[in-house]
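Visitor: sequence and predicted model, in that order:
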Amino acid sequence: MLAFSNFVPVLLLVPWTGSAADRFDRRRLLLVTQIAATALTAALAALTWAGLTRVWVVMLCGVGLGVVTAFATPAAFSLIGGLVPREELGTAVGLNSMTYNLARAVGPALGAVAVSTLGVAAAFAINSVSYLALVVGVAVVHPAARPPVARADSRLRDSLHLLRVRPALVASLLIVTAVGFASDPINTEAPAFAHAFGRPDWYAGFIIGAFGAGAVAAAFVLAGRVVGSRRRMATTLTLLGGGLVAFCLVQQFPVALAVLVVAGFGYLASNTSATSRLQLGVEEDLRGRMMALWSVAFLGLRPVASLIDGALAEAFGVRAAGIVLALPALLGAAAILVLERRRSSYSAITDY
């Protein structure tokens, strides 16, 4: 339910968030959203220290951060295009994802240490201060100027029309959705997985950290050749789905962390490739709205994934839930391979 409250604003606000990223100064929009996130998380830390935190307070903070995420994500991803030349956009997307996943690798592990040694309130306070790092980063960069987009020319329907005429963009969004579903159990059910391995719930930080470590490794390995071929996409989706299935099946915790690193590698490689295709497939004045659709595919549908994940975990156990949510990635890999085989057969016939 917390994951639902955190991500559902991304889905509900998409008609406005993408338009805002195209109409307004993306740099200023990011500054406002990150300052708001700092204020929300600081309030949560203060309430926790005062002993006033209740479930509804955490849920309300989750909704507030969800609204911040809804407006910040399209602006942040669109801003990348103004910082680097077009031919370097794919690498820039990969490096951006690397920093995010480096935080995923290191942050939860440090969070586990902070919770176990300093307490929950202190961990919330440290998290609040961390948002200021992006405030400083955004304040010092100077993206290339872009012509303003009128309100009438920044409607969501324009990007939806683009999806109808460019099916490859739809395929990339479906891959992003499959990646989001597959990674949801790691984010949502990590404490439950820790219990399944007979460990305390704060071991969730090490589970998320192992997944993030694999993602960081992918960013270094694939730097400079981010987009890749369709066959490579099938391979990385298989690594993601297969690694998560193996994680759910093994019983030894160290082995589980090792295969989770493999899954994290497939996660970042697949998501970065699909995201780069989306960014390179649209014009600058449509990039904000396309990234809003990306945020729906990756984040906005997470409430659905989280509810499915939680319901399956409650009914059949967390391991079964993880296997079920990994299936879309494996099905996506199979579909790509089938289409590639048909394409090769057709090319062979026409060449003959």
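Guide: The structure has been received and is ready for your questions.
Visitor: just name the shakiest helix or strand of the protein by mean pLDDT.
Guide: Ranking every helix and strand in the chain by mean pLDDT, DSSP states H and E puts helix 156-165 at the bottom, with a mean of 68.
Visitor: just the CA atoms of whichever helix or strand comes after that helix, as CSV, please.
Guide: Counting by DSSP states H and E, the next helix or strand C-terminal to helix 156-165 is helix 167-188. Below are the C-alpha coordinates for helix 167-188, written out as CSV (Å, rounded to 0.1, in the frame of the first residue of the first chain):
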residue,chain,number,x,y,z
PRO,A,167,5.2,1.4,-33.2
ALA,A,168,8.8,1.0,-32.1
LEU,A,169,8.1,3.6,-29.4
VAL,A,170,5.3,1.4,-28.1
ALA,A,171,7.6,-1.6,-28.0
SER,A,172,10.2,0.4,-26.0
LEU,A,173,7.4,1.4,-23.5
LEU,A,174,6.3,-2.2,-23.1
ILE,A,175,9.9,-3.2,-22.4
VAL,A,176,10.1,-0.5,-19.7
THR,A,177,6.8,-1.8,-18.2
ALA,A,178,8.1,-5.3,-18.1
VAL,A,179,11.3,-4.2,-16.4
GLY,A,180,9.4,-2.2,-13.9
PHE,A,181,7.1,-5.2,-13.0
ALA,A,182,10.1,-7.5,-12.7
SER,A,183,12.0,-5.2,-10.4
ASP,A,184,9.0,-4.4,-8.2
PRO,A,185,9.4,-7.4,-5.8
ILE,A,186,12.9,-6.3,-5.0
ASN,A,187,11.7,-2.8,-4.1
THR,A,188,8.4,-3.7,-2.5
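Visitor: can you spell out which helices and strands pack onto helix 167-188?
Guide: helix 2-12, helix 156-165, helix 204-221, helix 230-249, helix 253-280, helix 287-295, helix 302-316, helix 318-351 (3 or more Cβ pairs under 8 Å, 6 or more residues apart in numbering; DSSP states H and E). Every C-beta, even on glycine, is put in place using the N, C-alpha and C of the backbone.
Visitor: out of those, nearest to residue 129?
Guide: Nearest to residue 129, of all the helices and strands packed on helix 167-188, is helix 204-221, at 18.2 Å by Cβ to Cβ.
Visitor: can you pull the buried residues of that closest one?
Guide: Buried residues in helix 204-221, defined by neighbour count with 16 or more other Cβ atoms under 10 Å: 204-219.
Visitor: ok, now stretch 187-199?
Guide: For stretch 187-199, using 16+ other Cβ under 10 Å, the buried residues are 187-194, 196-197.
Visitor: many thanks, we can stop here.
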